[in-house]
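In: Pasting a predicted model and its sequence here:
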Amino acid sequence: MKNIFQIYKTDVKRIVTNWAALIIILGLIFLPSLYAWFNIKASWDPYGNTKGIKIAVTNHDEGTTIKEKKINAGEEIVESLKKNKLLGWTFVDEKTALNGVNHGNYYASIIIPKDFSAKIATVLTKNPTKATIDYTVNEKINAIAPKITAKGATGITEQISKNFIKTANGAIFKIFNEIGVELEKELPTIQKVRDLIFKLEKNFPALKNAVNTALTDANKTEDIVNEVQKNLPIVAHMTQEGIRVSDSLQQYLKTSKDIANTIAPNVKQDIQTLTAASLYVEQVTASMQNGTISIQDAKAQLGHIEKQLGIGITVTNVIIDLFDHVNNLTNSEILTSEISKLQGLTNKYQKEQELINRIQEVDEEQAKGFINEINRLAKETTAITEDLTNRYESDIKPKLEQGFQKAQLTAENADRILNETNQRIPEVEGILKDAQQGLSIGKAEISHIQASLPTVESKIKELADSIRKFEKEQDLNEIIQLLTLNFQKESEFFAEPVELKEHHLFPIPNYGSAMSPFFTTLSLWVGALLLVSLLTVEVHSEEIHFKSYEIYFGRFLTFWTIAILQSLIVTVGDMAVLGTYVDAKPWFVLFGAIISTVFMCIVYTLVSIFGNVGKAMAIVFLVLQLAGSGGTFPIQVTPPFFQAIFPFLPFTYAISMMREAVGGILWDVVRHDLLVLSLFTGITLLFGLALKKPINNISGGLVKKAKASKLIH
């Protein structure tokens, strides 16, 4: 120990007493901080300054007319983009736009064709055609810019689609709402017609008895006939009203096919949303099962999975409500099987949510069992949603159309019955007039009336039976209830059926602060490389013969001292000079010192054992860690090789620990990172003590030969 500290004290004395060495050491202390600070500042808020990314916009839209109302969707897009400051929208002609993209003056161009509005308007025709927007991008200018411009382009189309669905559905549902209100208003009239026909049917036996007893009670028979005649004009008027209302109902149900065509894509999209949610849960839990994601990391991701499941439950309930409405509308069970499957799907989603909540409270072994169960349930839900998707066009959509067709047929039957009633009322009126005349004439005419009554009774009974059949097959109140729903809310729902509710667990205000753990960690490794590049790891003394382990530890103390100073300058400077956001400032500084110690130990040991070859090994190690530590992009999006080496890199755990200090500390994560970094340090020390002397002896001749070349020191 005495010789180790002797080496360290000698090094410190030489640095302090030699002004040239002191200047170089000070430079080595500050250089890593510059490396970190410049990179952090350069990436401080790249996505908040995208207004400098120029996108050329050209509008050729000539507009169109829909129901005597002029529209120009292209002009609306241009006006909205002028208010949008997220990107540098520049409005030029097509030639300038394309030439500018080709030469790099613009990153991309968006050209709205002249038939844009006209194609959107085809939705009201038998052959609707999708509108298109021409998007051109120059990928060679920058790797990231095309992703940003593409997001802007897709944002335009998404906003157009959302507004169009909301407007179109709103118009359709408003028409249906007006029909429903009219039906509701005329419902008492319809019910009166029904009640009068049933009353005629019920009183007809009394009429027959009156005719049969006319010889002895002519006055009573005449009163009954007069009452019936009095009611006939009311029946005729109400029948005419019923025909008018029935025509409105038929007009609505003829439009129902358009409703099915409008709603059907949304239903299919909702089912595909369920499939995506199930596949996501299945894939993430599969990664947990095969060890790609650790249990601790898995628990951190379970909240997002639970959110996906919540969306799945909401979408499933919306589809179930729609299918229930169709069943009620048609008074049938054509979609009962699908409803049952969707209810089973909801139960499985809820079971998965329960398991996710329980995982947070159990140990690792029990968590694995729950994850296996969630994966099994996810596979079952995926199978159900894929089955619904596969059967949608061939089975489910035809059932929806069948339901509306059945409702239309029912309305046509009601219209036919009312028309028959209207046609037969004059016949009844004529017969009753004859009956009245017969009563006035006397007994001679009563026999003729008696012969006519069976025909009248038969016709009234036919009308009553037809009404009863209609009421058995369909409930007019349910149709009215469906039509009088809030059309604005229905339109808004189908335009955006799912709303994303975000929760930020560890909010970091800017991109530069979020990247500070990576660049700070990287600068500490670079600082260690600079030290071994300019300072020697060997000790030459003519007075004392030091042992290899004494040289190893003695000179390491010198390197370690400088490395600690480097880490202090970098971490404190991140906060004081740049103003990066750090949740736990003292821990950020302490973690930086720990990481600098580990890195210095690794790099110093490589050079101490292997000499210049060790420097090359440290550089190769740096290159591998840049790509394989998940410092910039998530490790899951990198090639399989880098995902395989990810758990074996010091950067992985160093960056993780620094992120905890920046975003908010989870001590179980920090303890795990410290444990792994300690293992790296322990293994490095073992190699240093065991291999330094033998490898130095073996490579001594090689080093001398290399130095003789006057090219290598």
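Out: Done, it's in. Numbering: from 1, shown residues only.

In: Could you list the low-pLDDT ranges of the stretch 601-713 of the chain?
Out: Applying pLDDT under 70 to the stretch 601-713 of the chain picks out residues 692-693, 696-713.

In: the helices in it, which residues?
Out: Assigned by DSSP state H, counting those that start in this stretch, the helices in the stretch 601-713 of the chain fall at 612-628, 640-645, 650-663, 667-708.

In: which of these sits most buried?
Out: Most buried of the helices of the stretch 601-713 of the chain by mean neighbour count (mean count of other Cβ atoms under 10 Å) is helix 650-663; its value is a mean of 24. Quick note: C-beta positions are derived from backbone N, CA and C, even for glycine.

In: For it, which helices and strands make contact with it?
Out: Judged by 3 or more Cβ pairs under 8 Å, 6 or more residues apart in numbering; DSSP states H and E, helix 650-663 is in contact with helix 511-534, helix 585-610, helix 612-628, helix 667-708.

In: Give me the buried positions along the second one.
Out: Neighbour counts using 16 or more other Cβ atoms under 10 Å place 587-589, 591-610 of helix 585-610 among the buried residues.

In: by how many degrees do that helix and helix 511-534 diverge?
Out: Between helix 585-610 and helix 511-534, the angle comes out at 30 degrees (axes from the mean of the first three to the mean of the last three Cα atoms, to 10 degrees).

In: tell me which strands and helices helix 585-610 is in contact with?
Out: helix 511-534, helix 548-573, helix 612-628, helix 650-663, helix 667-708.

In: Would you format those helices as JSON lines with distance to Thr90 included?
Out: Listed next are these as JSON lines, based on distance: least, Cβ to Cβ, whole Å:
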{"stretch": "helix 511-534", "distance to Thr90": "25"}
{"stretch": "helix 548-573", "distance to Thr90": "39"}
{"stretch": "helix 612-628", "distance to Thr90": "36"}
{"stretch": "helix 650-663", "distance to Thr90": "37"}
{"stretch": "helix 667-708", "distance to Thr90": "46"}
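
In: Quick one: closest of those helices to Leu26.
Out: Each of the helices and strands packed on helix 585-610 was scored for nearness to Leu26 using Cβ to Cβ, and the closest is helix 548-573 (9.1 Å).

In: Tell me how many other residues surround the closest residue to Ile71 other than its chain neighbours.
Out: Excluding the flanking residues, the one nearest Ile71 by Cβ to Cβ, 6 or more residues apart in numbering is Ser117, at 5.6 Å. Residue crowding around Ser117 was assessed by other Cβ atoms under 10 Å; the count is 23.

In: As CSV, the helices and strands packed on helix 650-663 with distance to Leu26 would be great.
Out: Listed next are those as CSV, based on distance: least, Cβ to Cβ, whole Å:
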stretch, distance to Leu26
helix 511-534, 12
helix 585-610, 17
helix 612-628, 22
helix 667-708, 27
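
In: So Leu31 sits against Leu530, correct?
Out: Yes - judged on Cβ atoms under 8 Å, Leu31 makes contact with Leu530 at a distance of 5.9 Å.

In: of the two, who's got more company?
Out: Between Leu31 and Leu530, counting by other Cβ under 10 Å, Leu530 is the more crowded of the two (19 against 16).

In: quick one: least confident helix or strand in the chain?
Out: helix 487-495 (a mean of 49; mean pLDDT, DSSP states H and E).

In: for Tyr106, helix, strand, or coil?
Out: coil (DSSP: H, G, I helix; E, B strand; the rest coil).

In: All set, thanks.
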